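Engineer: Structure of the sequence below:
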Amino acid sequence: MRIPKLILGVLSGLLISSFNPQLNVYEEVLDIENISKPQTDWEGIIFSSYDRNGGNNDGFAGTYSKLRLENGNSVLAETTGAGYVSRIWFTHSEHKKDGLLELKGEHIKIYIDDKITPAFDIPLEQTFEGTEPGFPLGLVVKGLGGWYCNVPIPFANYCRIEVEGDGVKFYQVNFQKYTGDKIVQSYRSREVKKTKQLLEILGENLLNGFEKKSDSTNEILMNIPAEGKEVLEIENEIGQINRLSIETAPDNLESLLKSQLKIYWDDQKQPSINVPVHMFFTISNEENLQHSLYAGYKDGKLFNKLPMPFSKKARIEIVAADKDLKLKVSYSISKQTYATENYLTTFYNEELPANNTDKPFLWLDAKGEGQYIGTFLMTEAKTHGEEYLPVWLEGDEVFVCDGEMRIHSTGTEDYFNCGWYGVVGRLNKSGSFPLHGFPEYEMNEIGKASAYRWHLLDPIPFKDTIQVTVEHGTNNTIEANYKSVAFYYLKKN
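Structural biologist: I've put the predicted structure just below:
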């Protein structure tokens, strides 16, 4: 008996659907706590205007500011396969003239899957203002010279992003590419109204902060002699620390920030976290007490809210610096339904100064499987010219994952979602936002700049190895003091 083609088609579709279940990107990424979730089936990549010849023409002349011109429009990024757009960044096109492209209200057009009709066709500048439905404040930000969008836009088999005209200068577009066997539900296949509501809720959570519901919150008092240590042991089978806070008297804060923090997960012999206290809480010094979504200083307390899962126990050590310390340490904890695969891990590095012209500054060098989720960087150097410019921030960062360069962007300040240092109304002062900021920006003959960025929606996964570097100035030509901590999740051995 012959089976009609229509029935065969339906049966084939059912079989494909059963063997390849669908993946809802919004369920995957819109939960703030999912920053710790393993990213085994993902890769993070970027398209940017960085100088392919190794110089600093990262958009100034527009040489590398598009893949091609097509029907008079500039194609900025194009990829096949499944995934989602995770970040779009621009800075003002001109030095001291505000606005993007040629200031003609040019549109951004985002094509997904069918390649013919754009899923989004809106004025580029409007994308970042928080007035466009589905692009809420919190996920879009204009601040400190950078315009960026973290609205995830999923696609099943193709995505292309272009802008009208030929006026592009500086840009970055990040994608999370899906490498698994599920079928990604594209933006077009979603109920758009419901999706926009989910995005609005996430935007509000980013702006207002969040607290994960915990099973218990505990406080202990520590009296630590100068150069001595105190230990906190936490035993909770399959648990997760949702918030770690430290409080001390104001006149002891400076000494606390200079102290050392070590955290061991389960039966580790070496700490996964071993950093100066101020670096773990992304505080440059006691005079710059700002905060972000995940870490900082608020209500008289240092806090870190990155999820910290463990399978059996956690051991937290604080080694005092130069003074006796009286501390109140609190932690919120919840039980988990499954054993963790990923431990929160840090990599601390400093070069005082970084002055090797053949060697960029190292943010991370690690082996294993995991994902990179955050950076805190402190820098100090001689400034340039009468405007006291921090020219070392021209250095590009590069992510090499599993032996492949996947991220190469257009400069240090750009990586931190800012732009045009030293220009009034742009990066000429300190400022903090939920996912990025410069909590310290002080420029005189000697300048200091400290910055953080959280990769909530655009983590950088790796399966075997990862190396992350940043130039200290274009081609490492500037001598500067560098300190950094990389935050990442590493799969336990």
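Engineer: What residues sit buried inside stretch 174-191?
Structural biologist: By neighbour count with 16 or more other Cβ atoms under 10 Å, stretch 174-191 contains the buried residues 174-178, 183-187, 189-190. Yep, even glycine has a C-beta here, placed from its N, CA and C like the rest.
Engineer: Closest one to Ser272 out of those residues, please.
Structural biologist: When the buried residues of stretch 174-191 are compared for distance to Ser272 (Cβ to Cβ), Gln176 wins out at 24.8 Å.
Engineer: Which stretches in the stretch 1-150 of the chain count as helices?
Structural biologist: Remark: helices of the stretch 1-150 of the chain, listed N- to C-terminal, are 5-19, 25-29; assignment by DSSP state H, counting those that start in this stretch.
Engineer: Which one of the ones you listed has the poorest average confidence?
Structural biologist: Mean pLDDT is lowest for helix 5-19 among the helices of the stretch 1-150 of the chain, at a mean of 43.
Engineer: Distance of the closest residue to Glu479 other than its chain neighbours relative to Val398?
Structural biologist: What sits nearest to Glu479 in space, not counting adjacent residues and going by Cβ to Cβ, 6 or more residues apart in numbering, is Asn355, at 4.2 Å. Counting by Cβ to Cβ, to the nearest Å, the separation of Asn355 from Val398 is 19 Å.
Engineer: And the contacts of the longest helix seen in the chain?
Structural biologist: Counting residues, the longest helix in the chain under DSSP state H turns out to be helix 192-208. For helix 192-208, the external contacting residues (Cβ atoms under 8 Å, 6 or more residues apart in numbering) are 26, 30, 32, 130, 133-140, 151, 187, 293, 434-435.
Engineer: let's go with 10 Å and repeat that
Structural biologist: The contact list for helix 192-208, computed with Cβ atoms under 10 Å, 6 or more residues apart in numbering, reads 24-27, 29-32, 119, 130, 132-141, 150-154, 187, 190-191, 210, 292-293, 433-435, 456-457.
Engineer: which stretches of the protein have low pLDDT?
Structural biologist: Per-residue confidence for the chain (pLDDT under 70) gives these ranges: 1-20.
Engineer: Recalculate using a threshold of 50.
Structural biologist: Judged against pLDDT under 50, the low-scoring parts of the chain cover residues 1-18.
Engineer: tell me the centre residue of it?
Structural biologist: When the chain is reduced to its mean C-alpha position, the nearest residue by Cα atoms, centre = their mean turns out to be His455, at 2.2 Å.
Engineer: From Thr248, how far off is that residue?
Structural biologist: Using Cβ to Cβ, we find His455 at a distance of 30 Å from Thr248.
Engineer: can you check Asn157 too?
Structural biologist: Plainly put, Asn157 is 54 Å away from Thr248 if you go by Cβ to Cβ.
Engineer: now do Gln270
Structural biologist: Computed as Cβ to Cβ, the Gln270 to Thr248 distance reads 27 Å.
Engineer: swap in Pro154?
Structural biologist: In this structure, Pro154 lies at 45 Å from Thr248, with Cβ to Cβ as the measure.
Engineer: Between the two, point out the one with more neighbours.
Structural biologist: Just comparing Pro154 and Thr248: by other Cβ atoms under 10 Å the higher neighbour count belongs to Pro154, 28 against 21.
Engineer: hang on, isn't Pro439 packed against Glu286?
Structural biologist: No - under the criterion of Cβ atoms under 10 Å, Pro439 makes no contact with Glu286, lying 11.9 Å away.
Engineer: which neighbours do those two share?
Structural biologist: Any residue near both Pro439 and Glu286 by Cβ under 10 Å, 6+ apart counts here, and that gives Tyr297.
Engineer: When those two are compared, which one has more neighbours?
Structural biologist: Taking neighbours as other Cβ under 10 Å, Pro439 and Glu286 compare with Pro439 leading, 24 against 16.
Engineer: List the residues that contact the more buried one.
Structural biologist: 282-285, 288-292, 296-297, 376, 378, 430-432, 449-452.
Engineer: so what's the nearest residue to it once chain neighbours are set aside up against?
Structural biologist: Spatial nearest neighbour of Pro439, excluding adjacent residues (Cβ to Cβ, 6+ apart): Gln290 at 4.2 Å. By Cβ under 10 Å, 6+ apart, the residues touching Gln290 are 282-284, 296-298, 430-433, 437-440, 450, 452.
Engineer: And Pro133, by the same measure?
Structural biologist: The contact partners of Pro133, taken as Cβ under 10 Å, 6+ apart, are 122, 192-193, 196-197, 199-200.
Engineer: Quickly note the distance from it to Ile273.
Structural biologist: 41 Å.
Engineer: what do you get for Asn205?
Structural biologist: 25 Å.
Engineer: circling back to that earlier point, narrow the contacts of Gln290 to those in strands?
Structural biologist: 296-298, 431-432, 437-440, 450, 452 (DSSP state E).
Engineer: Would you mind writing the ChimeraX command to select the buried ones in those residues?
Structural biologist: This is how ChimeraX selects the buried members of the ones in strands among the contacts of Gln290, with burial counted by 16+ other Cβ under 10 Å:
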select :296,297,431,432,437,438,439,440,450,452
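Engineer: Tell me which stretches of the stretch 51-200 of the chain form strands.
Structural biologist: Listed from the start of the chain, the stretch 51-200 of the chain has strands (DSSP state E, counting those that start in this stretch) covering 68-70, 73-80, 83-91, 107-112, 120-123, 140-143, 146-149, 153-155, 158-164, 171-178, 183-184.
Engineer: Let me see the contact set for the closest residue to Leu389 other than its chain neighbours.
Structural biologist: For Leu389, the nearest residue in space outside its immediate sequence neighbours is Gly422; the separation is 4.8 Å by Cβ to Cβ, 6+ apart. With contacts taken as Cβ under 10 Å, 6+ apart, Gly422 has the following neighbours: 145, 383-385, 387-391, 393, 428, 441, 443, 447.
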